[in-house]
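Peer 1: 3D, please:
(chains A, B and C)
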Amino acid sequence: MNPHWNEKLIDGRQLLLLLVLGRLFSMMTYSPGKEAVPGSVTLAVQLPVLGLELALLLPAIWVLRHFDADSLLGLAYRKNALTGHFCALLGLASCILQAAHTLTVQADFLSGTIYRLPSRTGLLLALWAGVLYAVWLGLESFSRLGMGVFLAFGLLAAALVVQSLPRIDLINLHSPLEGGLSPILQGTLLSTARCGELGAAVLLFPSVRRDAVRWTARAAFVWTGFTLLLSFLTLTVLGNFAALRSYPVYTLALSGSERSVFGRLDALLLLVWIFLAVIRGAMYLWLGAKCVFLLSGRSNLFCIGTTGALVLAVCALSSPIGRGWESPLLWGGAMLAATAAIPLLAGFSPQIGRKHP
Amino acid sequence: MKQKERTVPGYRAPQPPEGENIPLSKHLQRNLEYLRAASHNTADLVIREFEVSSVPVALVLCEGMFNLVALGQNVLAPLTELKLKRPDPEELLEQVRRSLVLAVDQGEVATVGEVFRFIMSGFGVLLVDGADCGIRLALQGFSFRSVSEPSGEVNLRGSREGFTEPLRINMSMIRRRIKSSALRFEMVTLGTQSKTDAFLVYLNGVVSPRLLEEIKQNLKKIKLEQVLDTGYLQPFLEKRRPLSFFSGIGITERPDTACAKISEGRVVILLDGTPMALVLPYLFSEHFQSFDDYALRPYYALFILCLKYFSFFMTILLPGSYVAIGTFHPQLLPRELLYNITASMQPTPFSLMTEAILIHLFYEVMREAGLRLPRPVGHAVSIAGGLVIGDVAVKAGLIGTPLVLVVALTAISAFVVPTLYEPVTVLRFLFILAGGWWGLFGIGLGFALVLCNLCALTVAHAPVTAPGSPLRLFSLRDMLYRQSWTKLGRRMMEVDRVPGAPGPQTKGADS
Amino acid sequence: MKKSKLILCLAAALLCCGCMPNTQLEERAIVQAAGVDVSDGEYRLTLQIFDPGDTTENAGGSDAYLLVEGSGASLTQAAQQAAQNGKEIYLGSCQVLVLGSGAAQNLRDVLDYFNSRPQTRATMMVCTAEGTAADLLKVADGKAKPSPAVLCEQELRLAEEEKRLPDCRLIDLLSALETDGWDGSLPLLGVEGRDSDAKPVLKGAVALRGDAPAFELNSEEAQLLALAHSGRGNVMTEMYLDGETVVSVLLEDFDTKLKAELKNGQPHFRVEMKIKGRISQWEGTAVDDLSEEQLTAAQQEAACQTVEELDALLQKLCASRCDPLRFGERLQRRHPKDWNRIGSQNWPDLLPKADWSIDVTCTLTTFSGH
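Peer 2: Predicted coordinates for the structure are as follows:
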């Protein structure tokens, strides 16, 4: 299947789904026990984070409008090949980090919490192969899959709400200002860093048929809504127990009564989570492969294969890095940097020589 | 990539019969000799030589293909009574062309190949000494299965007619239902040896020209000696990438279903000799619809639709999930059920996965045997199967009792959506393996990839998963639920304009 | 060809991951209830395990069980010893965790062990036994039907639903242990009856201080503690109006608001409770014929009685430096600066100095709804 790197493959609604599902994946991996800031702070900073996210999109939108372009990387190449290559490299690096993070986190969750395996390698390989196949099928395939997954996630969230409603205890909500201003700033930064989907959106703009910017903004509202809802539930239902477990949303699903149907939400969540991992991993891998195509101009097989190999290499390296890998500042920071830097480079670098084909 | 034709011992490439393009000569005897030689004196070639007003003529027929009464009354009687003013071949041909109506379908043939094709379709060919052409006369009178209720698509409401083997009868069944000048039957001949007639049926002005052109191009690529069923055509009409368990081409044996599809801008392909018509493009959601859905009350149609989706997912995932949960995630089972399953597993020697594979394999063997055997013996197979699976296997300690329930549920639900039986059966085994090896992770990953593959599938540039994904809310009125005809009838669906398909085009096939 | 090679590589990668290590159901020892005792630093684990029987015909159903025991320096060792024939201990179906008095002293260790097991349900019930956990699980000498696990669970679940107990799930206890200003409590089960009639019965609760038991509450106190968290319960109480008339009242609906603040460096608690109930019997008068004055008098008396009971309970709790009503957490939430000034370590020491105000309003109706 030809990924048609430069074609408009998806519509705005599919872009929204891709971004929201990607963001939901990183939200599921959120664990208050490991974070530097308390859960109440994370909950409180979501609205400022939304503002910050929208603000981060502004340079990209301005540059695209001003130069009447639909692709930032294309614009960078139009300016000069060096800027183009640099921007594509930046995009590639951040996409690879995001994809590798998606795969390792999912494999860690499965091997650590679900199967209690000594090593995650087998799971990681299986997931990697699956994601690579999804990329091979093309952007349309996994973005079409997004509709069903989003529906399933919505139903699951509704079931979680129904299951949790009687057990919500507002006593667990603390004032976000308890620790002063510093945790709030830290929380804002961490939450924004989790949102690699901003960068993905900027890179996906040229593949969207219409209104890409508007749908990205809508996606930001949707994921903020979900984040608020699920953070509120985990905080108020689980209280400090959430800090004891690595994956609070999963723990929330696990805490249903053993005798009720809701006691099985964890299995459904597990299934939906795997779907999320496949979609998110495939999205970043596809974007990475697109960057490789811009850099090399080679065949689909080469682009996808190279990106897949790079992702696998980063996954292998992430084990020695250890806990540092869990910090969103590492894997998310690169994406944020790309989101901010690519529009600026593409917009303000000088026009040199003939236009890149 | 262009495929290189290799020669393999014991296999030959499909070739057309030789010497068929030779034109008829003016000498009757030479023509007859050539016909006999070209047909290797086949026993069913009937040649009757006689004279019409002292002009030697010959009637060439194929044994068993023509109607003897029609031949006597409509052809032989008028010809023998014919008196020509000027007894020469030109005058005879002129009379037959202008004055005599020997058959409803009457025309001329010029080559030996045409003579063979027509006589083998039930025509008679009149060869005249001194004329280098023959007159073909439609005299079909072969026996065939009468129109009966389709066995594979039984419905409670709607017509009881199903397609039958002769093409013309199928054609008439469609024409009787759509009496519109826009309905067009376009004939193509397929198969180098079999020369099977096929009709592309579509509504002019509604069908997408691009779709039609694409189908015609694909049919031209068919290089087969024999085309005996529509299944032979399917791989030529599907896209080669990606490889998938699912298809974007549907099959129906109901003329009413075919008409409904035609009115939505689809092309139906009728093939001579088979009651199975191809419908394309065929969206995935259409597997879950039946003609009954449109005849029954909407709320009940919705209920049936939900039931079908549920059964489809159950039949694919239930055995795999059972194995995965039993092996890796017993905490998902309600306590009492867990105790029962554990107790039933105690005496069995195999793992849950092996048991599941074995019993599903047994079931498929018995299904296949019951299907092919003569009906009375088939019943015996089902009795033996019921005993083996239901009782003896459990008592012998080969499988646990709950698994019998699982296989029964799975088997029954597979028949709720019969058109998807093939992918469902294979996927079921794959999911048992995935569940047994990797638990719910295997099921989840496998299911994600199967769905991803399905989403990547396009037919005639339209994604098969449309209009569910890419989503168009309006279209769900006919997919997720079935609106009342008062609303549904106001706007007809155009299949080439489902979401995800390329934009609107100018309609009309004649362009 | 390249494409098919890629697909082959991916399929090979998938297959190379191989089969994950798994345990078949018949190789698992399905634990229905677990009991932990600690004496002289040695853990003793008593497990009630589901007995699947030998063949399908005599599969015991959910009632068949075995009791196995193991001991060791740690719970892991004890579990290894308890595991029969190398079967894997499976805790996903464990209904009840019973802690002997010794084990309750090492609460954190025990709970951490169970929490870290892969399949443990966070909603598993935890209770403490009057004697040893092993004795409670061996009630009726292993012949009880339904099994001790089911009996314990039924008793605890019923008590929890009727609000005779504060929440006693694993998740609640672990949350309490993790939260400053919140002490948990454990239900206390004892054995009643003899031989085959013996069954576990709720005797009250054990209030915790941090991760160790502080003192025992009787069943009335345990119920009041549960109702002080709001909810619907059934408290049948008898009052003497004017010192002679006996009135039976059923208190049903409790709506409680708890507040904590710091006054002059000392904790001050406020308890506001609104109770709805019904008069079931009035000595010498038909319940439907009661006058407004009589009703008001009964309401006041019921309120007074509840205030006294609550006061006694709070005195007992504060004297023992226990905070199961989460006053500390409330103070922390409402007045974080005050909380920081005290320091979470010092909160238990401040409790004996606490004072409180209790405001109870009781609304009574007769059974016929007047």
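Peer 1: Surely B:Ser39 is in contact with B:Leu45?
Peer 2: Yes - the criterion here is C-beta atoms under 8 Å, and B:Ser39 meets it with B:Leu45 at 5.1 Å. Where you see a C-beta, it was placed from the backbone N, CA and C, and this is true even at glycine.
Peer 1: To what extent is residue 37 buried, counted in neighbours?
Peer 2: You didn't say which chain, so I picked chain A. A:Val37: 22 surrounding residues under other C-beta atoms under 10 Å in any protein chain shown.
Peer 1: hm, I was asking about chain C
Peer 2: Using other C-beta under 10 Å: C:Asp37 sits among 26 other residues.
Peer 1: Can you tell me the closest non-neighbouring residue to it?
Peer 2: C:Gly100 (3.6 Å; C-beta to C-beta, 6 or more residues apart in numbering or on different chains).
Peer 1: Now the one you found: phi and psi?
Peer 2: phi -70, psi 170 (degrees, to the nearest 10).
Peer 1: number of nearby residues for it?
Peer 2: For C:Gly100, the neighbour count with other C-beta under 10 Å is 23.
Peer 1: is it true that it touches C:Ala34?
Peer 2: No - C:Gly100 is beyond contact range of C:Ala34, at 11.5 Å (criterion: C-beta under 8 Å).
Peer 1: what's the distance between B:Phe441 and chain A?
Peer 2: According to C-beta to the nearest C-beta, to the nearest Å, B:Phe441 stands 5 Å off from chain A.
Peer 1: give me every residue that touches that residue.
Peer 2: A:Leu110, A:Ile114, A:Tyr115, A:Leu123, A:Ala126, A:Leu270, A:Ile274 (C-beta atoms under 8 Å, 6 or more residues apart in numbering or on different chains).
Peer 1: give me the element it is part of.
Peer 2: helix B:421-456 (DSSP states H and E).
Peer 1: quick one: buried residues of that helix?
Peer 2: Using 16 or more other C-beta atoms under 10 Å in any protein chain shown as the test for burial, helix B:421-456 gives B:423-425, B:427-429, B:431-456.
Peer 1: what about it, average pLDDT?
Peer 2: The pLDDT scores in helix B:421-456 average 93.
Peer 1: Could you identify the helix or strand that succeeds that helix?
Peer 2: Defined by DSSP H and E, the subsequent element after helix B:421-456 is strand B:458-459.
Peer 1: Can you give the distance of that next one from its chain's centre?
Peer 2: How far strand B:458-459 lies from its chain's middle: 18 Å, per C-alpha atoms, centre = their mean, to the nearest Å.
Peer 1: And it, what does it pack against?
Peer 2: Strand B:458-459 sits against no helix or strand, with contacts defined as 3 or more C-beta pairs under 8 Å, 6 or more residues apart in numbering or on different chains; DSSP states H and E.
Peer 1: Could I get the phi/psi values of the residue of the stretch 201-350 of chain C found nearest chain A?
Peer 2: Residue nearest to chain A within the stretch 201-350 of chain C (C-beta to the nearest C-beta): C:Pro336, separated by 4.4 Å. The phi/psi pair for C:Pro336 (degrees, to the nearest 10) reads phi -60, psi -30.
Peer 1: Tell me the pLDDT of the nearest residue in space to it that is not next to it in sequence.
Peer 2: Counting by C-beta to C-beta, 6+ apart, C:Pro336 lies nearest to A:Glu178, which is 4.4 Å off, once chain neighbours are set aside. pLDDT, A:Glu178: 72.
Peer 1: wait, what's in contact with A:Glu178?
Peer 2: Taking C-beta under 8 Å, 6+ apart as the test, what A:Glu178 contacts is A:Pro38, A:Ser40, C:Pro336.
Peer 1: now, the most widely separated pair of the contacts of B:Phe441?
Peer 2: Using C-beta to C-beta, the two most remote members of the contacts of B:Phe441 are A:Ala126 and A:Leu270, lying 14.9 Å apart.
Peer 1: Can you pick out the residue with more neighbours from those two?
Peer 2: Each of A:Ala126 and A:Leu270 has its neighbours counted (other C-beta under 10 Å); A:Ala126 has more, 27 against 23.
Peer 1: one step back: nearest to chain C, out of the contacts of B:Phe441: which one, please.
Peer 2: Distances from chain C to those, taken as C-beta to the nearest C-beta, are shortest for A:Ala126 (4.5 Å).
Peer 1: Just confirm yes or no for whichever helix in chain A runs longest near chain B.
Peer 2: For chain A, the helix with the greatest residue count under DSSP state H is helix A:265-296. Yes - contact of helix A:265-296 with chain B (C-beta under 8 Å from any C-beta of the partner chain) involves A:Asp266, A:Ala267, A:Leu270, A:Leu271, A:Trp273, A:Ile274, A:Phe275, A:Val278, A:Ile279, A:Ala282.
Peer 1: The third one: what's it in contact with?
Peer 2: A:Leu270 makes contacts with A:Ile114, A:Tyr250, B:Leu440, B:Phe441, B:Gly444, as judged by C-beta under 8 Å, 6+ apart.
Peer 1: looking at this, C:Leu251 is in a strand?
Peer 2: Yes - assessed by DSSP: H, G, I helix; E, B strand; the rest coil, C:Leu251 belongs to a strand.
Peer 1: how close does it sit to chain B?
Peer 2: For C:Leu251, the distance to chain B equals 35 Å [C-beta to the nearest C-beta].
Peer 1: pretty sure that residue is in contact with C:Ile275, am I right?
Peer 2: Yes - C:Leu251 is within contact range of C:Ile275, at 5.2 Å (criterion: C-beta under 8 Å).
Peer 1: Which one's more surrounded, those two?
Peer 2: C:Ile275 (23 against 20).
Peer 1: All set, thanks.
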